[in-house]
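Participant: From the sequence below, what's the structure:
(one chain, ligands or ions: 1)
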Amino acid sequence: MPSPRQDWSPETYLRNAAFVPEMGASVLDLLNPQPGERILDIGCGEGSLSAKIQASGANVFAIDLSPEQVQGAQARGVEAHVMDGRDIDFDNEFDAVFSNAALHWMRPISKVFINVAKALKPGGRFVAEMGGAGNIAAIRTALYQALEARGINPSRHDPWSFPGPGEATYLLGKAGFEVKSLDIFARPTELPGDIGGWLDTFASSFLKGLESTEHDAVLDEVRQALKPQLLNSQDIWVADYVRLKFEVVKL
Ligand code: BEZ
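Facilitator: Predicted coordinates:
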């Protein structure tokens, strides 16, 4: 099933999710872009990391499924195109492929890995960070419970897949990569506002069929369920992120 389309204007995204590119600093370091390299950025969002890669002197070709986000990236001077990571069709063109916080929206991930391998020159690197097994488990569970209580099957609306290290290593190897590093780690992440803002920004595929009173009731139920686990003593919501970060090389 294609990922349900998210409505992400760059302004809304930056209000609720500016932390996403900020958290991408370490995977950008791992990429270590070099002047003159041709680099594909998959799921570029509003392009702030693509612009940083470009500032290093590399030539960036950025893609995202959201036209609004692509416009935002273009406004930063990035060559950005509306394209699905599962549909890329390049042959030995890129020195490196980069992705931050995007691959978990693309199912099946095996298709993306195969296309990335084809897009890279031999020896080219694929450096990415994405949600890993257990990512946002508490949020997902609370959302599932609130929807199931209303007779809705949430798995039909669930756009995410969060592989574990074993599955990712297997699929990357099968696609023709040698793994240089692959780590999974918890990264509890402070949100800029209420958990409802996170849900409206990132979980809209679960919520969009609901009437507005039902939508508010679901958000409230999720909020109450998550308070003991995710609202800290300073009244800041802390999302239970788990990251999978890897650097692999095309054989
Ligand atoms: C993530 O970056 O892990 C993520 C963001 C939004 C929804 C699900 C996961």
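
Participant: Against which helices or strands is the longest helix along the chain packed?
Facilitator: When the chain is parsed with DSSP state H, its longest helix is helix 212-230. Where contact means 3 or more CB pairs under 8 Å, 6 or more residues apart in numbering; DSSP states H and E, helix 212-230 is packed against helix 137-148, helix 195-202, helix 204-207, strand 238-250. C-beta: built from backbone N, CA, C; applies to glycine.

Participant: That one to helix 195-202, inter-axis angle?
Facilitator: Helix 212-230 and helix 195-202 are oriented at 110 degrees to each other (axes from the mean of the first three to the mean of the last three CA atoms, to 10 degrees).

Participant: quick one on the thing from earlier: select, out of the helices and strands packed on helix 212-230, the one closest to residue 27.
Facilitator: Residue 27 lies closest, by CB to CB, to one member of those: strand 238-250, at 5.8 Å.

Participant: on that earlier part again, TSV for the helices and strands packed on helix 212-230, including mean neighbour count and mean pLDDT?
Facilitator: Listed next are those as TSV, based on neighbours: other CB atoms under 10 Å; pLDDT from 0 to 100:
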stretch	mean neighbour count	mean pLDDT
helix 137-148	18	98
helix 195-202	19	94
helix 204-207	19	96
strand 238-250	20	98
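
Participant: Would you mind listing what in the protein touches the ligand?
Facilitator: Residues of the chain found near the ligand (CB under 6 Å from any ligand atom) are 101, 104, 131, 135-136, 160, 202, 241.

Participant: coming back round to it: what comes into contact with the longest helix of the chain?
Facilitator: Under the contact criterion CB atoms under 8 Å, 6 or more residues apart in numbering, helix 212-230 has outside partners 138-139, 142-143, 145-147, 149-150, 194-196, 199-200, 207, 210, 237-240.

Participant: Count the neighbours of residue 165 for me.
Facilitator: 15 (other CB atoms under 10 Å).

Participant: all strands for the chain, in order.
Facilitator: Assigned strands in the chain, in chain order: 38-42, 59-64, 79-82, 94-100, 120-131, 177-190, 238-250 (criterion: DSSP state E).

Participant: In JSON lines, list these along with distance to residue 229.
Facilitator: Below are those laid out as JSON lines (distance: least, CB to CB, whole Å):
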{"stretch": "strand 38-42", "distance to residue 229": "32"}
{"stretch": "strand 59-64", "distance to residue 229": "31"}
{"stretch": "strand 79-82", "distance to residue 229": "37"}
{"stretch": "strand 94-100", "distance to residue 229": "26"}
{"stretch": "strand 120-131", "distance to residue 229": "18"}
{"stretch": "strand 177-190", "distance to residue 229": "10"}
{"stretch": "strand 238-250", "distance to residue 229": "7"}
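
Participant: Could you list which residues are in contact with the closest residue to the ligand within the stretch 51-200 of the chain?
Facilitator: The nearest approach of the stretch 51-200 of the chain to the ligand comes at residue 131, 3.3 Å away (CB to the nearest ligand atom). Shown in contact with residue 131 (CB under 8 Å, 6+ apart): 101, 104, 160, 162, 241-244.
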